[in-house]
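A.B. asks: Everything below, folded, please.
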Amino acid sequence: MQKKDEILWTKTLLSVYRYLERICGAIDKIILQRALNCSNVTGQNYFYNNVFSITQRLIDLSQRKVTLINLKILIEGTLSKIDEQNAKILIEKYFDGRKYKEIATNHNFSMRTVFRKIENAEKCFCCALKMKGYGAFKLQNMLKNENWINNVYARFAEKENDDLELSNSFLERAVSM
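C.D. replies: A predicted model of the protein is given here:
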């Protein structure tokens, strides 16, 4: 069971990687907007917009951004530790969003070979993550407040279909969580 969880986390991390910068940028915009709007702290809004409340929300958003940046660095560092061909296949599949047929054509592989290569590359990534000390439990604990990432994980757990597409509306909801 533990190995399956780690492979699901591998697929999840690789799938969300391409959205991390955009979400960090959106968090920056939210922080700026909330900071600029904090001058309206009179009347009914005082209870929800006092200095402590506003500061706590800004700190929470900043901490969220730090977690996402650390996740991005973790993914990049892990990719740098695995075989170059495995890393290239994972980048094509997850970061560039290429389909199996495109990968097969680009590398002159049969479809069966592509499935095997991707599976092996995912296992290598998973092992490199574990060697860095990031097993399923640590990743789950690190990302417990990132509901959108946990939703991606749950989608992978529900269905074993690797072609999980994340829509822009999904990302918009993710930033607001």
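A.B. asks: Residue 68 is in contact with residue 17, isn't it?
C.D. replies: No - the criterion here is CB atoms under 8 Å, and residue 68 misses it with residue 17 at 10.3 Å. C-betas here are computed from N, CA, C, even on glycine.
A.B. asks: for the longest helix along the chain, packing partners?
C.D. replies: In the chain, with assignment by DSSP state H, the single longest helix is helix 2-36. On a contact count with 3 or more CB pairs under 8 Å, 6 or more residues apart in numbering; DSSP states H and E, helix 2-36 meets helix 51-81, helix 111-131, helix 136-142, helix 147-158, helix 168-176.
A.B. asks: Which secondary structure elements does the longest one sit against?
C.D. replies: When contacts are defined as 3+ CB pairs under 8 Å, 6+ apart, helix 51-81 packs onto helix 2-36, helix 84-90, helix 111-131, helix 136-142.
A.B. asks: Save those helices as CSV, and put in mean neighbour count and distance to residue 154 too.
C.D. replies: Shown next, in CSV, are these (neighbours: other CB atoms under 10 Å; distance: least, CB to CB, whole Å):
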stretch, mean neighbour count, distance to residue 154
helix 2-36, 17, 9
helix 84-90, 17, 21
helix 111-131, 17, 18
helix 136-142, 15, 12
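A.B. asks: one step back: state the mean pLDDT of the longest helix of the chain.
C.D. replies: Per-residue pLDDT over helix 2-36 has a mean of 88.
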